[in-house]
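In: show me the folded form of this:
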Amino acid sequence: MPKANVSDLSIPLPNVATACFQVPLQAGLAARARSSHPPRILLLYGSLRERSYSKLLTLEAARLLEAMGAEVKVFDPLDLPQPDAAPDTHPKVKELRDLAAWSEGMVWCSPERHGAMTGIMKSQIDWIPLSVGAVRPTQGKTLAVMEVSGGSQSFNAVNQMRILGRWMRMLTIPNQSSVAKAFLEFDEAGRMKPSAYYDRVVDVMEELVKFTLLTRDIAHYLVDRYSERKESADALSKRVNQRSL
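Out: As a prediction, the model looks like this:
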């Protein structure tokens, strides 16, 4: 990637490490090769109830994503241990982490309980590490957030999940879904009824697929950071200097 020489800039930047400084370029946003496989989307939901509305909403989203050409996988959180209560070799933990690595985008859907996402939802996110060796399982991947509530419409859970998505270095799409009085929005077969809420879910899934197609092949460029290039350069310098002692 072309680099800018700090000494050539019209604005002096004495605190910038010249070797690590780069000017964002339009060319960097053009993928060298476009992926041809369907977008890979992982869906997580945050309830273990027999008739879980977050699960029903997640399954509805999965159908829409499949109709839009995506390959989808829905993780079942049943039997997933609490974080730190089992080794990361636990079968359910390994399944979740493998799916996170496989995915190019995610959907997180939680009930709102006591004004927040559920512990079941948070536990799944907590089991996905920020890094595994040199690999960051979530960095640069797209994310859509949804919630269901038993009362009036609220956005506490989706707002919390947005914060977590940012912390996990994900590209959270602007649109979101919040389904109020969810018990009224699904029929006996578990299918979502026609409504403005349903239309919003279609909007969110459509936007997720678009953002995933747009960013998946250039995610490495979008999340490349000056501070990390500088840190890596410093670490390399220290190793080289140690060898020369």
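
In: Ser110: what secondary structure?
Out: strand (DSSP: H, G, I helix; E, B strand; the rest coil).

In: contacts for stretch 221-233, please.
Out: Around stretch 221-233, the neighbours that count as contacts under C-beta atoms under 8 Å, 6 or more residues apart in numbering are 1, 17, 19-22, 28-29, 139-140, 169, 171, 215. Placement of C-beta: from N, CA and C, glycine included.

In: what's the answer for stretch 58-69, then?
Out: Under C-beta under 8 Å, 6+ apart, the answer for stretch 58-69 is 38-39, 41, 43-45, 72, 74, 107, 109, 144, 146, 190-192, 198, 201-202, 204-206, 208-209.

In: among these, which are located in strands?
Out: Using DSSP state E to define strands, the subset of the contacts of stretch 58-69 located there is Ile41, Leu43, Leu44, Tyr45, Val72, Val74, Val107, Cys109, Ala144, Met146.

In: ok, now how distant is the third one from Arg97?
Out: When distance is defined by C-beta to C-beta, to the nearest Å, Leu44 is 12 Å away from Arg97.

In: before we move on, back to that, okay if I get the contacts of stretch 221-233 as a markdown table plus neighbour count and distance to Ser10?
Out: Shown next, in a markdown table, are these (neighbours: other C-beta atoms under 10 Å; distance: C-beta to C-beta, whole Å):
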| residue | neighbour count | distance to Ser10 |
| --- | --- | --- |
| Met1 | 10 | 21 |
| Ala17 | 14 | 19 |
| Ala19 | 12 | 20 |
| Cys20 | 18 | 20 |
| Phe21 | 16 | 14 |
| Gln22 | 15 | 17 |
| Gly28 | 16 | 22 |
| Leu29 | 13 | 24 |
| Gln139 | 16 | 33 |
| Gly140 | 18 | 32 |
| Arg169 | 17 | 32 |
| Leu171 | 21 | 32 |
| Thr215 | 20 | 31 |
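
In: mind checking which of the contacts of stretch 58-69 are buried?
Out: Neighbour counting by 16 or more other C-beta atoms under 10 Å classes 38-39, 41, 43-45, 72, 74, 107, 109, 144, 146, 192, 198, 201, 204-205, 208-209 among those as buried.

In: ok, the residue nearest the centre of the chain - contacts?
Out: Nearest to the geometric centre of the chain sits Leu143, at 3.8 Å (C-alpha atoms, centre = their mean). Going by C-beta under 8 Å, 6+ apart, Leu143 touches Gly105, Met106, Val107, Trp108, Gly165, Met168, Met170, Leu171, Thr172, Ile173.
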